[in-house]
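**Student:** turn this into a model:
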Amino acid sequence: MSSTTALDLTRTLVAALEDKKGEDILVLDVSSLTPIADYFVLVSGLSDRMLDTLVESAQEKAREVHGVRGRIEGTARSGWVLVDFGDVILHAFAPDVRAYYDLEGLWSEARVVLHIQ
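**Tutor:** Numbering: from 1, shown residues only. Next up is the predicted model:
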């Protein structure tokens, strides 16, 4: 996936997450720090149901707009669902799990592309 396409997919995911009332949406450009992805998209959901809805909406929009489907790891019940779209990785968290793993701190050298609180 080209960088432009990865950014387009990232924008699509953010729009889907905003539409479903995802909280504290953060996009990090990690392309210069790791070969695993160009962008991380982080979002919080206040319940298992909300996390499932956020992930389902992101998957649906990515498939509809870009013809891609992410690979899901984790469950809403665990508080962290990761969706790997290749160059873009979505992390959907329960707030306490997000604070515990502190990906923002771990990837503090990444460039913040967008932060919607």
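**Student:** in stretch 5-12, what's buried?
**Tutor:** By 16 or more other CB atoms under 10 Å, the buried positions in stretch 5-12 come out as A6, L7, L9, T10, R11, T12. C-betas here are computed from N, CA, C, even on glycine.
**Student:** what bridges to the closest residue to the second one other than its chain neighbours?
**Tutor:** Going back to what we said before, that points to L7. Of all residues not flanking L7 in the chain, Y39 sits nearest, at 7.2 Å (CB to CB, 6 or more residues apart in numbering). Beta-bridge partners recorded for Y39 (DSSP bridges): D29, V88.
**Student:** I'd guessed Y39 sits against L28; true?
**Tutor:** Yes - with contacts counted by CB atoms under 8 Å, Y39 reaches L28, the gap being 6.7 Å.
**Student:** which residues do the two both contact?
**Tutor:** Taking CB atoms under 8 Å, 6 or more residues apart in numbering as the contact rule, Y39 and L28 both touch V113.
**Student:** got a list of what G45 touches?
**Tutor:** G22, E23, L51, T53, L54, A76, A92, F93, A94.
**Student:** closest to the centroid, which residue in the protein?
**Tutor:** In the chain, the residue lying closest to the centroid (CA atoms, centre = their mean) is L90, at 2.3 Å.
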